[in-house]
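K.L.:
Based on what follows, work out the 3D shape:
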Amino acid sequence: MKKFDAVVIGDANIDLVVAGLNQIPQPGQEIFVDNMTMHVGGGAALFAISLAKLGLHVAFNGVLGDDSYGHYVREQFGQYGIDTSLIKTSKTSNTGITIAINPETDRSFITYGGSNMELQIRDLDLSQIAQGKHVHVTGYRGRRNHEEFIAMAKTLSEMGVSLSCDVGWDDSGEWFKGVFDLMAYFDVFLMNETEAFHYTGFDHIEESLRFMGGYSNHIVVKLGPKGAVAMKEGQITYHSAFPAETVDTTGAGDSFNAGYIFGHLTGQNVETCLQYGNVCGALSVGAHGGSTGTPDKDGLEAFILQFGDHIKERMEA
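P.N.:
This is a model prediction of the structure:
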């Protein structure tokens, strides 16, 4: 018997969300804004919270500072029943912080990586991580940690663990082609449309999917306001986005990931997984903070009952 439904590996930090900042203050100038709120941030942390809210037993593996922000993140995880026993405490770095400016429009960020920078794939205790039926991984950095990711994925797969990965943005700008070799080790491989185009070199999503299908049996691509698409075993499935009033787009992709993986782990078909993902993404953008608006299982089902027929009609039109 596995101890956890899922173990999530990656970044956790504080998001300080600043709303209503219309200009950057000049030296010596003070500017008042509409609001500032503090939330748990980091793609992996937001995914973990969203997945736990849907009812799965989740453990988190990352690095936090020994400071008030680190304690806050642990407390927030605890409120959602997320196991924190796999989290390490940094002796040298503070917990990471991101300041998100104007999240309701074109977001800008100021980030201190902090303790997240100490998370090294090669140092993970894979026997502990294999206590999860499923493992979701973030933090792929191309050539910089490619071999470590391959080794980890191969070992966990051999230990009978199913795997998913959100490849994320390549801040090096290289868009390392070795990512295609990595895909083969994951049961579900997720990215957004822009990332797919950068990696494959194509500018049409179906061309990108067909190309990646030569390496992976299950690719999921987020299309923003257009919804999402998946290709599993050569079959392409689209699902339109749900209507949403956007307040803060932070974490929308991570919320989508949680909905999709929740569907996958509970045995749903691809169309339903996409539906779950799109619901979680739509509800996420309706509140400040990356996981504040994401639903529990009852909220997910209620939203589908409310809007499901509307979306089905749009898809069939």
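K.L.:
Would you confirm that Gly139 belongs to a strand?
P.N.:
No - counting by DSSP: H, G, I helix; E, B strand; the rest coil, Gly139 is not part of a strand but coil.
K.L.:
residues contacting the residue nearest to it when sequence neighbours are not counted?
P.N.:
The shortest distance from Gly139 to any non-neighbouring residue, by CB to CB, 6 or more residues apart in numbering, is to Gly10 (4.9 Å). Glycine gets a C-beta too; all of them are placed from N, C-alpha and C. By CB atoms under 8 Å, 6 or more residues apart in numbering, the contact list for Gly10 reads Gly42, Gly43, Ala44, Ala45, Phe47, Asn61, Gly62, Leu119, Val137, Thr138, Gly139.
K.L.:
can we see that at 7 Å?
P.N.:
Taking CB atoms under 7 Å, 6 or more residues apart in numbering as the criterion, Gly10 is in contact with Gly42, Gly43, Ala44, Gly62, Val137, Thr138, Gly139.
K.L.:
For the residues you listed, work out which two are farthest apart.
P.N.:
Between any two of the contacts of Gly10, the greatest separation by CB to CB is 13.4 Å, found for Gly42 and Val137.
K.L.:
Give me the phi and psi for the residue nearest to Gly139.
P.N.:
phi 160, psi -150 (degrees, to the nearest 10).
K.L.:
With the one 5 residues further on instead?
P.N.:
The phi/psi pair for Asp15 (degrees, to the nearest 10) reads phi -100, psi 120.
K.L.:
Also Ala252?
P.N.:
phi -60, psi -40.
K.L.:
Tell me the bridge partners for the nearest residue to Glu118 once chain neighbours are set aside.
P.N.:
The shortest distance from Glu118 to any non-neighbouring residue, by CB to CB, 6+ apart, is to Val63 (4.6 Å). Assessed by DSSP bridges, Val63 has beta-bridge partners Lys88.
K.L.:
Quickly note the distance from Val63 to Ile219.
P.N.:
29 Å (CB to CB, to the nearest Å).
K.L.:
Equivalent analysis for Asn102, please.
P.N.:
Relative to Ile219, Asn102 is positioned 32 Å away (CB to CB).
K.L.:
which of the two has more neighbours?
P.N.:
Neighbour count, other CB atoms under 10 Å: between Asn102 and Ile219, Ile219 has more, with 24 against 17.
K.L.:
would the more buried one count as being in a strand?
P.N.:
Yes - under three-state DSSP, Ile219 sits within a strand.
K.L.:
Test my guess that it contacts Phe211.
P.N.:
No - with contact defined as CB atoms under 7 Å, Ile219 does not reach Phe211; the gap is 9.8 Å.
K.L.:
hang on, the earlier thing: turn the contacts of Gly10 into TSV, columns for neighbour count and distance to Ile14.
P.N.:
Shown next, in TSV, are the contacts of Gly10 (neighbours: other CB atoms under 10 Å; distance: CB to CB, whole Å):
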residue	neighbour count	distance to Ile14
Gly42	26	9
Gly43	22	14
Ala44	26	14
Gly62	26	13
Val137	24	22
Thr138	24	17
Gly139	22	18
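K.L.:
quick one: which of these is nearest Ser255?
P.N.:
Using CB to CB as the measure, the one of these that approaches Ser255 most closely is Gly43, at 10.3 Å.
K.L.:
ok, now which ones touch the closest one?
P.N.:
Gly10, Asp11, Thr138, Asp166, Gly168, Asp254 are the contacts of Gly43 under CB under 7 Å, 6+ apart.
K.L.:
Report the spatially nearest residue to the residue nearest the centre of the chain, omitting neighbours in sequence.
P.N.:
In the chain, the centroid-proximal residue (CA atoms, centre = their mean) is Asp254; its distance is 2.8 Å. Counting by CB to CB, 6+ apart, Leu46 is the residue found nearest to Asp254 once chain neighbours are left out, at 4.0 Å.
K.L.:
Give the helix, strand or coil label for that neighbour.
P.N.:
Using three-state DSSP, the structure places Leu46 in helix.
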